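S.K.: Sequence and predicted structure, then a few things I'm wondering about:
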Amino acid sequence: MKHASSRELYAYWDRCRRGRRAPERADIEPGEIRRVLGDTFILSLDSKAGHPFRLAGTRVCALFGREIKGEAFIDLWAEDERNDLRDVIATVADDVTGFVAGIPAVNDDGGGVALELLLLPLAQNKRTDARVLGALAALDIPYWLGVRPISALRLGSLRHIGAEGAPELVPGVENVRLRKGLVVFEGGRTD
């Protein structure tokens, strides 16, 4: 993880789970992560609604130039990326595992910014298919950030955070689909 917010949120999440696969939503105390709250969000795991934001920090909202609470997380992504994101979120919930991703993003004027996305499972009444805790933060802050909203997100690098917390590399998503914790490589014989 490159961004300090991702590292701090992951360390806090890991402490809160106390040996469990994921901490309970009630275990998360916002005052304990006040330095990273602006980069933090919680998603509702509702695939039909596009995994809406239950809450979103001020810096996350500033990336898009508006309050995004209640909006579908999936709708922030480029059309051709949305199925991959649905698969990643399903894997977070089904396998109770985390992901960290590099996100290249642009505004409507073509200005680019590199973001880091962290997705972690969050239990709700012992169910891990109800919430996702995450962070979305700019690695470098361009002069226009917060003034010119990001138009659509794209997946860059994607790394699985295994049960022991060590990032495990997952191949680039160009020719890969994630299905219920399995990696499916597109391809076949060409001869």
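M.R.: Sure thing, it's come through.

S.K.: Going by C-alpha atoms from here, please, whenever you check contacts or count neighbours.
M.R.: Noted.

S.K.: Next one, pLDDT for the nearest residue to Ala123 once chain neighbours are set aside please.
M.R.: With sequence-adjacent residues excluded and distances taken as Cα to Cα, 6 or more residues apart in numbering, Ala123 is closest to Glu24, at 4.4 Å. You'll see Glu24 listed with a pLDDT of 89.

S.K.: Just confirm Glu24 contacts Asn125, I think it does.
M.R.: Yes - with contact defined as Cα atoms under 8 Å, Glu24 reaches Asn125; the gap is 7.0 Å.

S.K.: The two - which one has more neighbours?
M.R.: Of the pair Glu24 and Asn125, Glu24 is the one with more neighbours under other Cα atoms under 10 Å, namely 20 against 10.

S.K.: Can you show me the strands along the protein?
M.R.: Remark: strands assigned in the chain by DSSP state E are 40-44, 53-56, 98-107, 112-124, 127-138, 150-153, 158-161, 167-170, 176-179, 182-185.

S.K.: remind me which residues of this protein are low pLDDT?
M.R.: 162-191 (pLDDT under 70).

S.K.: In contact with the residue nearest to Ala123, which residues?
M.R.: 17, 122-126 (Cα atoms under 8 Å, 6 or more residues apart in numbering).

S.K.: Please report how far Asp84 lies from Leu45.
M.R.: Asp84 is 15 Å from Leu45, where distance means Cα to Cα, to the nearest Å.

S.K.: so Leu153 touches Trp77, yeah?
M.R.: Yes - the criterion here is Cα under 8 Å, and Leu153 meets it with Trp77 at 4.5 Å.

S.K.: can you count the residues close to Ile28?
M.R.: 16.

S.K.: please renumber so the chain begins at 429
M.R.: Got it, the first residue is 429 from now on, which makes the last one we talked about Ile456.

S.K.: Not counting sequence-adjacent ones, nearest residue to it?
M.R.: In space, Ile456 comes closest to Cys444 once its chain neighbours are excluded; the distance is 7.2 Å by Cα to Cα, 6+ apart.

S.K.: Distance check, the one you found against Glu544.
M.R.: Distance, Cys444 to Glu544, using Cα to Cα: 22 Å.

S.K.: got it, and Glu499?
M.R.: 20 Å.

S.K.: Have a look at the two and say which one is more surrounded.
M.R.: Glu544 (23 against 18).
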